[in-house]
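J.: Return a 3D structure for these sequence lines:
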Amino acid sequence: MVTVTPIQPAVVLVDDEQDILFSYEVMLQGAAIDNVLTCSDSRNLLPLLAEKEAGVVILDLQMPHISGTELLAEITANYPQVPVIIVTAANQLETAVACMKAGAFDYQVKPVEINRLVAGVRKALEMNSLRREISSLRESLLTGRVRNLDAFAAILTRNPKMQSVFSYLEAIAVTDQPVLITGETGVGKELVARAIHMISGVAGEFVAINSAGLDDLMFADTLFGHRKGAFTGAGETREGMVARAAGGTLFLDEIGDLSTTSQIKLLRLLQEREYHPLGADRPIASRARIVVATNQNLECLITGGAFRKDLYYRICAHQVEIPPLRDRREDIPLLLEVFLDEAAQALRKEKPSYRPELLSHLSVYRFPGNVRELKAMVFDAVTRHSGGNLTPAAFQKTIGAKLTSPSSDTAPSGVPVRDFAVTGRFPTLKEMDQYLIDEALNHAKGNQGAAAALLGLTRQALNKRLCRK
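T.: Numbering: from 1, shown residues only. As a prediction, the model looks like this:
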């Protein structure tokens, strides 16, 4: 079962005046801070904190029964991870200094300014989020355990690097900060984004958009929506994907392909947490968490002027890189079995069996298209398969032309092959035979079965040649 944690812990408002509680709640909800709890009796605060997870407490000082000063001392002692913002009518320097020394995160004087209160709450929530993230990372490092196995069920792996990625994702899923997922085409970046969404426990939808090929108008219309009459052809009001992902996750793939103008629009969404639908006068608060992905090197794009540095710093609050399939070859047998099952079911065929030589053959291929390419290759092979064992020949059309060929510039002795003609000494068959065997073993990282597949020999034939060395 998946263990979920809400992305945004509660903002707890504590004041004995109901009107003030109501106004604060409206202010925060208007800024897309929805998880708000109110407490008008100071005696109920500590039991509330024991029952609910609080991200920040907004606390009045002058209250009947238990004063804010006493509650501040209790919170900092028993809930040190929860920031406390003091909001009081006492505009006294000594009181403010005393509260800050006692552990208050911020001190604001009534009547509070909306922008200042919202900014203070957001900073406090970020502080709380960072503390929870550090705690989660510490637990992952100490236990080495992945808790949310169901969330990662779609990502088939037994690779240690991927397990580390899972632990990191569990730690950052509790925050509402943007996440940048990098990796080559076909490694499963969207699956990772979906896992983040699932672990976070949010109630909203997972909404995915491929940014590649979207011009500025289409990008803005897709994300933010439009009002009726905003542009030619806008006959009806339409909400955008940000609104659809409210309370959930908005996943933007191929973020490196955005134009500079679209990057500015995305930057404003991340900075201000609000957006303007096309044709609208008033901004709307964003309630979606943003996860982005790219197969490009954004730092290189920044150097070339194609990607904004300020946007990069916004989206890389948390960054995770998915290793390519060639760096997790132990996953190939697992993926092959699953894809054979899927292909057989989809094509209504019996699942074909295969000999170990097929795995040896696949293990030396670099898979530029990664997991997606392997899946396509398996489906193609099963489609053309007519009976018997599935052999390397079924993949030869794709793999054979793309295998990294041995270098033509060096010979076993270290003398360039071209120099044989220059020096007048032609290589013997024995020398070339040894050269090809050495190169095949090098490419196969010592795996004799894989090297034999590269040379077109059986494993036994290769063993005999190695014994004659």
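J.: Below-threshold pLDDT in the stretch 1-150 of the chain: ranges please.
T.: For the stretch 1-150 of the chain, applying pLDDT under 70 flags the ranges 1-8, 136-144.
J.: Just the CA atoms of stretch 213-220, as CSV, please.
T.: Extracted C-alpha coordinates of stretch 213-220, given in CSV (Å, rounded to 0.1, in the frame of the first residue of the first chain):
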residue,chain,number,x,y,z
GLY,A,213,6.1,22.2,-31.0
LEU,A,214,3.8,24.6,-29.1
ASP,A,215,4.1,28.3,-30.2
ASP,A,216,3.6,31.1,-27.8
LEU,A,217,-0.1,31.5,-28.3
MET,A,218,-0.8,27.8,-28.2
PHE,A,219,1.4,27.4,-25.1
ALA,A,220,-0.5,30.2,-23.2
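J.: contact partners of that stretch?
T.: 211, 222, 231, 257, 258, 259, 261, 262, 265, 278 (Cβ atoms under 8 Å, 6 or more residues apart in numbering). Bear in mind the C-beta positions are built from the backbone N, C-alpha and C, glycine included.
J.: Between the residues you listed, identify the one with the most neighbours.
T.: Highest neighbour count within the contacts of stretch 213-220, by other Cβ atoms under 10 Å: residue 258, with 24 neighbours.
J.: picking up where we left off before, of all the contacts of stretch 213-220, which two lie farthest apart?
T.: Comparing all pairs in these by Cβ to Cβ, the longest separation belongs to 231 and 257, at 22.9 Å.
J.: Pull the contacting residues for residue 156.
T.: 331, 334, 335, 338.
J.: What number of residues are in the vicinity of the third one?
T.: Residues lying near residue 335 (other Cβ under 10 Å) number 18.
J.: 49 is where my numbering starts, stick with that
T.: Shifting the count to begin at 49 puts that one at residue 383.
J.: Do I have it right that it meets residue 422?
T.: Yes: with contacts counted by Cβ atoms under 8 Å, residue 383 reaches residue 422, the gap being 5.8 Å.
J.: quick revisit: looking at the contacts of stretch 261-268, which is nearest residue 368?
T.: For these, the minimum distance to residue 368 (Cβ to Cβ) is 18.5 Å, reached by residue 259.
J.: And the closest one, how close does it get to residue 344?
T.: 11 Å (Cβ to Cβ, to the nearest Å).
J.: cool, and residue 106?
T.: Applying Cβ to Cβ, the value for residue 106 to residue 344 is 43 Å.
J.: which one of these two has more residues nearby?
T.: Of the pair residue 106 and residue 344, residue 106 is the one with more neighbours under other Cβ under 10 Å, namely 28 against 14.
J.: Can you give the contact residues for the one helix or strand that one maps to?
T.: Using DSSP states H and E, the secondary-structure element containing residue 106 is strand 102-107. Residues external to strand 102-107 that are found in contact with it (Cβ under 8 Å, 6+ apart): 56-63, 72, 83, 85, 93, 96-97, 116, 119-120, 123, 127, 130-135, 153, 165, 169, 172-173, 176-177.
J.: In strands, which of those residues fall?
T.: If you go by DSSP state E, the contacts of strand 102-107 have 58, 59, 60, 61, 62, 85, 132, 133, 134, 135 in strands.
J.: out of those, which one sits closest to residue 402?
T.: For the ones in strands among the contacts of strand 102-107, the minimum distance to residue 402 (Cβ to Cβ) is 54.5 Å, reached by residue 58.
J.: Which elements pack onto the helix or strand encompassing residue 76?
T.: Taking DSSP H and E as the criterion, the element that holds residue 76 is helix 66-78. Secondary-structure packing of helix 66-78 (3 or more Cβ pairs under 8 Å, 6 or more residues apart in numbering; DSSP states H and E): strand 58-62, strand 84-87, helix 162-191.
J.: Just say which of the ones you listed is most tucked in.
T.: Highest mean neighbour count among those (mean count of other Cβ atoms under 10 Å): strand 58-62, with a mean of 23.
J.: Domain ranges for the chain, per the record?
T.: Domain segmentation of the chain under automatic domain parsing yields 58-181, 192-371, 374-447, 466-515.
J.: can you give me the helices in the stretch 249-398 of the chain?
T.: Per DSSP state H, counting those that start in this stretch, the stretch 249-398 of the chain carries helices over the ranges 264-272, 289-292, 308-320, 346-351, 357-363, 380-395.
J.: right, so of the ones you listed, which gets closest to residue 232?
T.: Residue 232 lies closest, by Cβ to Cβ, to one member of the helices of the stretch 249-398 of the chain: helix 346-351, at 14.2 Å.
J.: any idea of the mean pLDDT for the closest one?
T.: For helix 346-351, the mean pLDDT works out to 93.
J.: mind putting the helices of the stretch 249-398 of the chain in a markdown table, distance to residue 338 included?
T.: What follows is the helices of the stretch 249-398 of the chain, written out as a markdown table (distance: least, Cβ to Cβ, whole Å):
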| stretch | distance to residue 338 |
| --- | --- |
| helix 264-272 | 10 |
| helix 289-292 | 9 |
| helix 308-320 | 6 |
| helix 346-351 | 15 |
| helix 357-363 | 7 |
| helix 380-395 | 30 |
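J.: for these, which one sits closest to residue 227?
T.: Residue 227 lies closest to helix 357-363 among the helices of the stretch 249-398 of the chain, at 8.0 Å (Cβ to Cβ).
J.: I'd like the average pLDDT over the closest one.
T.: Per-residue pLDDT over helix 357-363 has a mean of 94.
J.: now do stretch 299-306
T.: The average pLDDT for stretch 299-306 rounds to 95.
J.: start to end distance for it?
T.: End-to-end distance for stretch 299-306, by Cα to Cα, to the nearest Å: 14 Å.
J.: Can you give me the neighbour number for residue 384?
T.: Counted with other Cβ under 10 Å, residue 384 comes out at 19.
J.: Excluding sequence neighbours, find me the nearest residue to it.
T.: Leaving aside its sequence neighbours, residue 384 sits nearest to residue 426 (Cβ to Cβ, 6 or more residues apart in numbering; 6.6 Å).
J.: pretty sure the one you found is in a strand, no?
T.: No: assessed with DSSP: H, G, I helix; E, B strand; the rest coil, residue 426 is helix; it does not lie in a strand.
J.: Around it, how many other residues sit close by?
T.: 25.
J.: got the contacts of residue 204 as CSV, with distance to residue 354 and pLDDT columns?
T.: Shown next, in CSV, are these (distance: Cβ to Cβ, whole Å; pLDDT from 0 to 100):
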residue, distance to residue 354, pLDDT
379, 33, 94
382, 38, 94
383, 34, 95
386, 38, 95
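J.: And the furthest pair within those?
T.: 379 and 386 (10.2 Å).
J.: which of those two has more neighbours?
T.: Shown here are residue 379 and residue 386; by other Cβ under 10 Å, residue 379 has more neighbours (19 against 13).
J.: how much space is there between the more buried one and residue 440?
T.: From residue 379 across to residue 440, the span is 19 Å (Cβ to Cβ).
J.: rewinding a little: would you mind giving the helices and strands packed on helix 66-78 as JSON lines with distance to residue 78 added?
T.: Shown next, in JSON lines, are the helices and strands packed on helix 66-78 (distance: least, Cβ to Cβ, whole Å):
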{"stretch": "strand 58-62", "distance to residue 78": "13"}
{"stretch": "strand 84-87", "distance to residue 78": "11"}
{"stretch": "helix 162-191", "distance to residue 78": "8"}
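J.: Out of the ones you listed, which gets nearest to residue 139?
T.: Residue 139 lies closest to helix 162-191 among the helices and strands packed on helix 66-78, at 14.2 Å (Cβ to Cβ).
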